[in-house]
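S.K.: curious how this folds, go ahead:
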Amino acid sequence: MEYRNLGNTGLKVSRLGFGGAEIGLENQNQDSVERLLGSAIDAGLNLVDTAAAYLTSEELIGNALLDHRKDIVLISKCGAVDGFTRFDWSKDGILKTIERSLKLLQTDYLDIMQLHSCDAETISQGECIEALIVAKERGYIRFAGYSGDHSDAVAAIETDFFDTLQTSVSVADQEPIELTLPLAIEREMGVIAKRPVANAVWRHSELPEEPYHHEYWNRIEKLLFPFLEGPLGESVGHALRFTLSVEGVTTAIVGTTKPGRWEENSRYVGMGPLEASEFDSIRERWKEVATEDWRGQV
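M.R.: Model (predicted):
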């Protein structure tokens, strides 16, 4: 597994990271999560991403990483909590959320704490940033990050406060390539791509039941990339390599509940960037088809 420096943080992270949303939101048990994280670590992954909003995810990961903490870059998110049913951007609320995350993750510090899809207006009020400053002063966190998309991400980057940006980048979500990533590169921020394979929505022959997948499914139906006609595993690998070929992207976090998926995805990452002609054809197709309302998806 290849590792790269995450912006100016000094953190060296694997090009493929573990996304902790599914294990919490899909109510996985402790044994399955330990097998899943074990297989990810065996495949060379050292970045683990979770969030206070992912229900049991932090607790499950905390238990599973007891013997691996020193080898892991551990990051979480605050502001959104309780399965996205509640939001608290106050200074006190964010600090309490961070303290709870530390307890659940069974660690003295987090390498990065990110604001979870905080809007531009809230960022401008400053209280959420004040909370992260205090968290740094108390030793709760090493670095501060922002997780979000579109104009809210622009506002976050332009504060010149955040060390990292986590944003959606994929074959079905290419807005950041022109909107936010150049700004992040200019500020030498570490960029973490979320939803890097667009949830592999092309595996569904019809519109999926889960509304979370609808926007990407509808886009893919119009984009009709030729590589999607191949076997599912190969098409997912191709899509993942596209995201990791985007300038500025340091790492891509993938969520799964299937242990074998890490070894498979790791092989695709090991194939390196797409050929320039393949990358350019995907970009050109996007520019031909995408409309102004195809914004970065939170």
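S.K.: return the set of buried residues in the helix or strand of the chain with the lowest mean pLDDT.
M.R.: Every helix and strand of the chain was ranked by mean pLDDT, DSSP states H and E. The lowest is helix 260-270, at a mean of 90. Within helix 260-270, the residues that count as buried by 16 or more other CB atoms under 10 Å are Arg261, Trp262, Asn265, Ser266, Tyr268, Val269. (Glycine included, C-beta is placed from N, CA and C.)
S.K.: nearest to Ala184, of the residues you listed?
M.R.: Nearest to Ala184 among those: Val269, at 21.1 Å, using CB to CB.
S.K.: list the contacts of that closest one.
M.R.: Shown in contact with Val269 (CB atoms under 8 Å, 6 or more residues apart in numbering): Met1, Glu2, Arg15, Leu16, Leu240, Arg241, Leu244.
S.K.: the fourth one: how many residues sit nearby?
M.R.: Okay, so that is Leu16. By the criterion of other CB atoms under 10 Å, Leu16 has 27 neighbours.
S.K.: same deal with the third one?
M.R.: By the criterion of other CB under 10 Å, Arg15 has 21 neighbours.
S.K.: which stretches of the stretch 151-298 of the chain form helices?
M.R.: Assigned by DSSP state H, counting those that start in this stretch, the helices in the stretch 151-298 of the chain fall at 176-179, 181-186, 214-223, 232-245, 260-270, 276-289.
S.K.: those: lowest mean pLDDT?
M.R.: Between these, the one with the least mean pLDDT is helix 260-270; it has a mean of 90.
S.K.: between that one and helix 232-245, how many degrees?
M.R.: If you take axes from the mean of the first three to the mean of the last three CA atoms, to 10 degrees, helix 260-270 sits at 50 degrees to helix 232-245.
S.K.: tell me how far helix 260-270 is from the chain's mean position?
M.R.: Averaging C-alpha positions (CA atoms, centre = their mean, to the nearest Å) puts helix 260-270 17 Å from its chain's average.
S.K.: what does stretch 253-273 give?
M.R.: For stretch 253-273, the distance to the chain centre is 14 Å (CA atoms, centre = their mean).
S.K.: using CSV, write out every CA atom in it.
M.R.: Output in CSV follows, covering the C-alpha atoms of stretch 253-273 (Å, rounded to 0.1, in the frame of the first residue of the first chain):
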residue,chain,number,x,y,z
ILE,A,253,-12.1,6.5,2.4
VAL,A,254,-14.3,3.5,1.5
GLY,A,255,-16.9,2.0,3.7
THR,A,256,-17.9,-1.7,3.6
THR,A,257,-19.1,-4.5,5.8
LYS,A,258,-17.2,-7.2,3.8
PRO,A,259,-13.7,-8.0,5.0
GLY,A,260,-12.5,-9.3,1.6
ARG,A,261,-13.2,-6.0,0.0
TRP,A,262,-10.1,-4.4,1.5
GLU,A,263,-7.7,-6.8,-0.2
GLU,A,264,-9.5,-6.4,-3.5
ASN,A,265,-9.6,-2.6,-3.4
SER,A,266,-6.0,-2.5,-2.2
ARG,A,267,-5.0,-4.4,-5.4
TYR,A,268,-6.7,-1.8,-7.6
VAL,A,269,-5.0,1.0,-5.7
GLY,A,270,-1.7,-0.8,-6.3
MET,A,271,-2.3,-0.5,-10.0
GLY,A,272,-1.6,3.2,-9.7
PRO,A,273,-3.3,6.2,-11.5
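S.K.: just use 31 as the starting number from now, easier for me
M.R.: Done: numbering now begins at 31, and the last item shifts to stretch 283-303.
S.K.: hey, what's the residue nearest to the spatial centre of the chain bridged with?
M.R.: For the chain, the residue nearest the mean C-alpha position is Lys224 (3.0 Å; CA atoms, centre = their mean). Assessed by DSSP bridges, Lys224 has beta-bridge partners Ser198.
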